[in-house]
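Asker: Here is my input; please provide its structure:
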Amino acid sequence: MVRNYHDKMAELILSINAGSSSVKVSVFRGSSKDAEPSQLAEVSIDGLTAPPSTLTYKRGDHKIKGKEIEGVSTQEDAFKYILEHLLNDDDLPDLKNKEDIEFACHRVVHGGDFDKPTRIDKETYHHIEELSDLAPLHNAGALTIVKAVHEQLPKATNIAFFDSAFHSTIPEHIRTYPIDQERAKHNKLRKYGFHGLSYAFIARSVAESLNKPVDSLNIIALHLGSGASACSIVDGKSFDTTMGLTPLAGLPGATRSGSVDPSLIFHFTHNAGKPSRSSTKDLHITEAEEILNKKSGWNAIAGTTDFGVISSKAEEGDKNCQLAFNLFVDKILNFVGGYYVKMGGKLDALVFAGGIGEKGSQLRARVVKQLACVGFELDEEKNKKPEDKEVVDISKSGSKHKVLICQTDEQTEMARQCVQNADDFRKNV
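Answerer: Residues are numbered from 1 along each chain as shown. From the prediction side, this is the model:
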């Protein structure tokens, strides 16, 4: 029976982000389609693959950071522990019963041809399962947590939010690979792009900050973290992005190579096509995928995944850190320059986001210095000590183009989209 849920206020929403060694859950209350969902609490468990696991919890002014916990080594364990922690918090009156949770939002990296959030039923689940062949290192964790949530919260509606969906607007000539087209279409081999939830948040927040409609926004956005990408956004929609069929393409990351000569891996190892030691019955990973995703990036050059350390040591004269820093700047400039030309120089801002984008003043300074020739200039003081707000302008007065920092938030973006589409998700439940 179809129930009439028109304009019903969303109950509690969980935004869930499951990585290979961590699970993060944010609790939101939705009010109406026109209002931002309010965050009530945020909890994460890290170190699942390198015990002891640690708990981090934030609710208002109450904070727990890095508390060691025993007996939690899988994503299922982590979600169960997180749920019990939330339910047992006396100062979280909104959440007292499992039934209080109406929606569980899951970040799924690879959505294939899905172009919007989708309620997870058997058909959707199997489709995501099939996509695991395209993204074995990314989608498997999401499916594990979907099962765990279904067992722990049988009455909640599970929604998949695909990181690739934002990029469904990329034109055909940009998303197509120059390979046999019959084989490409059959095997769904094309550019998909990722970090879409982050770019959706950035586009909305920057448009609001600049006081202009999203559908007239033109920016180049840089999501720079341990996984890094760039995106050309034209009229509020993705026009091009650096990641491709998988998140491996484009910019290097902490342990990812980014785009390299495809022949390189066959000279690096003779076992490129063989299963890696990380493979399991359900997870098929080749040596090539393992090496380029997990054993490359700036960690392979500088010996650390922490780009803050790399930036500091580079300034002190460490040769390997200087190499890693300069290489990353160069790759960013390649894409920013290309996008600038493709956009005809008509853009509202260059936007830095992600952990490195937000905190890396040295990186921002170097990138923007190289872009002075096309009209980007930084205010040195604003760059070194930016204001702590969602979108902050760090441009020099008189700069032709703005340079912004955006505190992107994928958890909030999922909750916001959930509230906006809640009535559709409730249909035929």
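
Asker: end to end, how far does stretch 98-112 reach?
Answerer: 32 Å (C-alpha to C-alpha, to the nearest Å).

Asker: Also stretch 396-403?
Answerer: Between the opening and closing residues of stretch 396-403 lies a distance of 8 Å (C-alpha to C-alpha).

Asker: pLDDT averaged over that stretch - what is it?
Answerer: Taken as a whole, stretch 396-403 has an average pLDDT of 97.

Asker: next one: it to chain centre, how far?
Answerer: 28 Å (C-alpha atoms, centre = their mean, to the nearest Å).

Asker: One more: stretch 64-84?
Answerer: The chain centre lies 22 Å from the centre of stretch 64-84; the measure is C-alpha atoms, centre = their mean.

Asker: residues in contact with that stretch?
Answerer: The contact list for stretch 64-84 (C-beta atoms under 8 Å, 6 or more residues apart in numbering) reads 16, 18, 22-23, 25, 43-45, 48, 51-58, 98, 141, 144-145, 147-149, 152-153. In this view, the C-beta of every residue, glycine as well, is placed from N, C-alpha and C.

Asker: Go again with 7 Å.
Answerer: Stretch 64-84 is touched from outside by 18, 23, 25, 43, 45, 48, 51-57, 141, 144-145, 148-149, 152, with contacts defined as C-beta atoms under 7 Å, 6 or more residues apart in numbering.

Asker: Just the buried subset of these, please.
Answerer: With burial judged by 16 or more other C-beta atoms under 10 Å, the buried subset of those is 18, 23, 25, 43, 45, 48, 53-57, 141, 144-145, 148-149, 152.

Asker: Out of those residues, name the ones that lie in strands.
Answerer: 18, 23, 25, 43, 45, 53-57 (DSSP state E).

Asker: could you dump the residues you listed to JSON lines with distance to residue 34 and pLDDT?
Answerer: Shown next, in JSON lines, are these (distance: C-beta to C-beta, whole Å; pLDDT from 0 to 100):
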{"residue": "18", "distance to residue 34": "30", "pLDDT": "88"}
{"residue": "23", "distance to residue 34": "31", "pLDDT": "92"}
{"residue": "25", "distance to residue 34": "26", "pLDDT": "97"}
{"residue": "43", "distance to residue 34": "28", "pLDDT": "97"}
{"residue": "45", "distance to residue 34": "34", "pLDDT": "95"}
{"residue": "53", "distance to residue 34": "39", "pLDDT": "93"}
{"residue": "54", "distance to residue 34": "38", "pLDDT": "95"}
{"residue": "55", "distance to residue 34": "35", "pLDDT": "96"}
{"residue": "56", "distance to residue 34": "32", "pLDDT": "96"}
{"residue": "57", "distance to residue 34": "30", "pLDDT": "97"}
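
Asker: Any figure for the gap between the residue nearest to the spatial centre of the chain and residue 89?
Answerer: Nearest to the mean C-alpha position of the chain, by C-alpha atoms, centre = their mean, lies residue 195 at 3.9 Å. Residue 195 sits 32 Å away from residue 89, going by C-beta to C-beta, to the nearest Å.

Asker: go on, residue 347?
Answerer: 45 Å.

Asker: Just give the number of residues close to residue 297.
Answerer: 25 (other C-beta atoms under 10 Å).

Asker: what stretches of the stretch 1-150 of the chain score poorly on pLDDT?
Answerer: Residue ranges of the stretch 1-150 of the chain with pLDDT under 70: 1-10, 135-138.

Asker: Tell me which stretches of it form helices.
Answerer: 75-87, 122-131, 139-152 (DSSP state H, counting those that start in this stretch).

Asker: who wins for proximity to residue 299 among those helices?
Answerer: Minimum separation from residue 299 across these (C-beta to C-beta) falls at helix 139-152, 20.5 Å.

Asker: Looking at the ones in strands among the buried ones among the contacts of stretch 64-84, spot the one nearest residue 178.
Answerer: Nearest member of these to residue 178, counting by C-beta to C-beta, is residue 18, at 35.0 Å.

Asker: how about the nearest residue to that closest one, chain neighbours excluded?
Answerer: residue 145 (4.1 Å; C-beta to C-beta, 6 or more residues apart in numbering).

Asker: do the same with residue 345
Answerer: Nearest non-adjacent residue to residue 345 (C-beta to C-beta, 6+ apart): residue 374, at 6.8 Å.

Asker: May I have the phi/psi pair for the one you found?
Answerer: phi -110, psi 10 (degrees, to the nearest 10).

Asker: any idea how the protein splits into domains?
Answerer: 12-162, 211-410 (automatic domain parsing).

Asker: In the sheet, which residues pair with residue 157? Tell me.
Answerer: Counting by DSSP bridges, residue 157 is bridged to residue 103.

Asker: for residue 286, same thing?
Answerer: Beta-bridge partners for residue 286, by DSSP bridges, are residue 275.

Asker: Make 7 the starting number, not 1.
Answerer: Renumbered: residue one is now 7, and that last one reads residue 292.

Asker: hmm, back to that, out of residue 353 and residue 95, which sits in the busier spot?
Answerer: Neighbours were counted for residue 353 and for residue 95 using other C-beta under 10 Å; residue 353 has more, 22 against 18.

Asker: which secondary structure element contains the more buried one?
Answerer: For residue 353, there is no host helix or strand (DSSP states H and E).

Asker: give me the number of residues near the nearest residue to it once chain neighbours are set aside?
Answerer: Distance criterion C-beta to C-beta, 6+ apart; nearest residue to residue 353, sequence neighbours excluded, is residue 224 at 4.5 Å. Neighbour count for residue 224, taken as other C-beta under 10 Å: 18.

Asker: Rounded mean pLDDT for stretch 341-354, please.
Answerer: Mean pLDDT, stretch 341-354: 98.

Asker: And that stretch, end to end?
Answerer: Taking C-alpha to C-alpha, the first and last residues of stretch 341-354 lie 17 Å apart.

Asker: Give the residue spans of the stretch 157-306 of the chain that score low on pLDDT.
Answerer: The stretch 157-306 of the chain contains residues with pLDDT under 70 at 284-290.
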